[in-house]
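**Q** Quick one, fold the following:
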Amino acid sequence: TPHGDLKIEDLFTSVDVRINDKEYCNTNFECLTYDEASNQTCFQPVKYIVRHKINKKMYRVWISNIRYVDITEDHSLIGYNSTRTFKGKDGESRLTPVTVSNADMLKIKSLIMPRKLPRTNIISKNYPKEVYELMGYIIGDGHVEHKIEGGVGLSIGRLGREEIINKLINPLIEQNYITSVIRQKNEHDIRMCGTTIWKLLKKELYSTGKKDIPTWLFDETEENICSFLRGYFTADGSVDMNGTIKLCSINRDWIESAHKLLLCCGIASNYFAGKTENTYKGKKSGTYTNYLTVYDCKRFGERVGFLAKQKQRRIPSKYGRRKQHLDQYDFAICSITKVEELPQYNEYVYDIEVSNTHTFFANGILAHNTDSTYFETRPPSNTAEEAIRIADAVANKVNESFKEFMEQTFLCGDGYSSFIKAGREIVSDRGIFVEKKKRYILHIIDNEGERVDKMKIMGMDTKKTTMPKEVANKLNKFIERLLKGESWNDIA
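**A** Modelled structure (predicted):
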């Protein structure tokens, strides 16, 4: 939301409407979404929050070893069709809902993440850019002494020390923030003196008693945020031989803050935790390093960059073909690193209805709640081919009707009236449906145009962990034989 990350369940404060097993809470807040019509990541009003109790499987979809979103087996995330998987025409959307209950998530492999965090409430402290750069550098590799006479220390390195002094320290001396700079004998470190800079840094970086990234920075101008990040990445960032820009820190909160600050500047990134415990002088320290990887390296070089020339010149000046194509969108894509099956879940699940887009970012991943309906084709010839032809014709007819409906109901103009689409997913020749929604067993003969011979089981007791696995497998096999045409007498 514009006020930070919030849990959906915490926003469900009252039951305003009940419809069957679902409870609705009316709201007046906004959440982050992606508007495909305008190609903008933006905040949109949330119409309501809905919750209902389930008894089904949950899955954890990971985009790094510390970032994930938990979803039910039939809840959709928004995937991105690459050139390899996209079968549409030029100009058609490459975004597609995917669920863990079908093969799409394994096939597409890429999900949508934000590139930009929209902001309207800008409040700047209007410090010189070198002050923001110095604050970033101190967060990464500096400190402010407890007493004023101790000054401010930076650890720079032998090769870049004079360059940093010329670019960062000398301008602050000219602006009367720093009175003097002392080069330490180790040729790596410097110490700065000056009442003005000591008091400023103590106030802004040590307001809680220990060094931390200030919260007010998220309301700063994009230019000043970029200046802070420039100093931070110069101190603790790197560019490898492939041109990948990384930031590392044992403080995960700082890595998460850097990720959000980059979003304020229109730069996508992702972060993960190292698995090897750090050591100091041969002894384990009990700490682990966290890493942030910048996805938009070219944008980073143009907007943030490094103070050190040695790092700056390693940044790629142009994108490859794939990234150049993605650069036109106001979103980035991330890879699915793992899909983990969780224990059977028997509690409330929550969803939100967002105006206009019907999508929202959950833990940095674009989610969407699609629905489905089944109908009987009754082909005259009673063949699978005829059933598939009828199913495809119904899907096409439904999609043809959307244009007029959108134009008359929502006054959509050309180019906007075709964004809503239905897709024919599966065709089944036999199935068993239970009264409650999304509880069925089907024998699938066609999956999105591909002839198959497999079963789809949704929400049934044989999918629950409370039933012994051997018993569930045996029952499923009995039902599969029945749905494939065997008589119950033969099965029994």
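
**Q** nearest spatial neighbour of Asn346, skipping sequence neighbours?
**A** Asn55 (4.6 Å; CB to CB, 6 or more residues apart in numbering). All C-beta atoms are positioned from the backbone trio N, CA, C, and that covers glycine.

**Q** Look up the pLDDT of the one you found for me, please.
**A** With respect to pLDDT, Asn55 scores 82.

**Q** and the gap between the nearest residue to Ile156 once chain neighbours are set aside and Lys246?
**A** Counting by CB to CB, 6+ apart, Ile156 lies nearest to Ile164, which is 5.1 Å off, once chain neighbours are set aside. Ile164 sits 20 Å away from Lys246, going by CB to CB, to the nearest Å.

**Q** Show me which of those two is the more surrounded one.
**A** Neighbours per residue, other CB atoms under 10 Å: of Ile164 and Lys246, the larger number sits with Ile164, 22 against 16.

**Q** element containing that one?
**A** Here Ile164, judged by DSSP states H and E, is contained in helix 161-164.

**Q** Output the helix or strand just after that helix as PDB, restricted to C-alpha atoms.
**A** Next in sequence after helix 161-164, counting helices and strands by DSSP H and E, comes helix 170-174. Coordinates of each C-alpha in helix 170-174 appear next as PDB, following Å, rounded to 0.1, in the frame of the first residue of the first chain:
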ATOM      1  CA  ASN A 170      36.400  18.100  -0.900                       C
ATOM      2  CA  PRO A 171      33.000  19.400  -2.100                       C
ATOM      3  CA  LEU A 172      31.800  19.000   1.500                       C
ATOM      4  CA  ILE A 173      34.800  20.900   2.800                       C
ATOM      5  CA  GLU A 174      34.000  23.700   0.300                       C
END
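
**Q** Let's verify His3: helix, strand, or coil?
**A** Going by DSSP: H, G, I helix; E, B strand; the rest coil, the secondary structure assigned to His3 is coil.

**Q** so how many other residues sit close to it?
**A** Counted by other CB under 10 Å, the residues lying close to His3 total 7.

**Q** Quick check: Leu247 touching His259?
**A** No. With contact defined as CB atoms under 8 Å, Leu247 does not reach His259; the gap is 9.1 Å.

**Q** list residues touching both of the two?
**A** Leu292 (CB atoms under 8 Å, 6 or more residues apart in numbering).

**Q** Helix or strand with the lowest mean pLDDT in this protein?
**A** Ranked by mean pLDDT, DSSP states H and E, the weakest helix or strand in the chain is helix 104-108, scoring a mean of 66.

**Q** going on from the longest strand along the chain, what's the next piece of helix or strand?
**A** Determined from DSSP state E, the single longest strand within the chain is strand 40-53. Next along the chain after strand 40-53, taking DSSP H and E as the criterion, comes strand 58-62.

**Q** What strands flank whichever helix or strand comes after that following strand, and is each parallel or antiparallel?
**A** Next helix or strand after strand 58-62 toward the C-terminus (DSSP H and E): strand 68-72. Here strand 68-72 is paired, per DSSP bridges, with strand 58-62 (antiparallel).

**Q** For stretch 474-490, buried residues please.
**A** Of all the residues in stretch 474-490, those buried under the rule 16 or more other CB atoms under 10 Å are Asn476, Ile479, Glu480, Leu482, Leu483.

**Q** ok, so of those, who is nearest Leu200?
**A** Among the buried residues of stretch 474-490, Asn476 lies closest to Leu200 (CB to CB), at 67.9 Å.

**Q** that's a strand at that closest one, yeah?
**A** No. Using three-state DSSP, the assignment for Asn476 is helix, not a strand.

**Q** pLDDT value on it, please?
**A** For Asn476, the predicted pLDDT is 85.

**Q** With adjacent residues omitted, what lies nearest to it?
**A** Distance criterion CB to CB, 6+ apart; nearest residue to Asn476, sequence neighbours excluded, is Thr462 at 5.2 Å.

**Q** In contact with the one you found, which residues?
**A** Thr462 neighbours (CB under 8 Å, 6+ apart): Ala472, Leu475, Asn476, Ile479.

**Q** Output these as JSON lines; include the columns distance to Thr383.
**A** Output for the contacts of Thr462, formatted as JSON lines (distance: CB to CB, whole Å):
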{"residue": "Ala472", "distance to Thr383": "33"}
{"residue": "Leu475", "distance to Thr383": "30"}
{"residue": "Asn476", "distance to Thr383": "27"}
{"residue": "Ile479", "distance to Thr383": "24"}
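
**Q** hang on, the earlier thing: quick check: the residue nearest to Asn476 vs Ser110, distance?
**A** For Thr462, the distance to Ser110 (CB to CB) stands at 32 Å.

**Q** Same check on Glu130?
**A** Counting by CB to CB - Glu130 and Ser110 are separated by 40 Å.

**Q** Quick check: Val144 touching Trp198?
**A** Yes. With contact defined as CB under 8 Å, Val144 reaches Trp198; the gap is 6.5 Å.

**Q** What is the neighbour count of Asp253?
**A** Applying other CB under 10 Å, we find 11 residues neighbouring Asp253.

**Q** how about it, secondary structure?
**A** Three-state assignment for Asp253 (three-state DSSP): helix.

**Q** just to revisit the earlier point, okay, and the common contacts of Val144 and Trp198?
**A** Contacts common to Val144 and Trp198, judged by CB under 8 Å, 6+ apart, are Val152.

**Q** give me the element Glu400 is part of.
**A** According to DSSP H and E, Glu400 maps onto helix 384-410.

**Q** pLDDT (mean, whole number) over that helix?
**A** Averaging pLDDT along helix 384-410 yields 82.

**Q** Brilliant, that's me finished.
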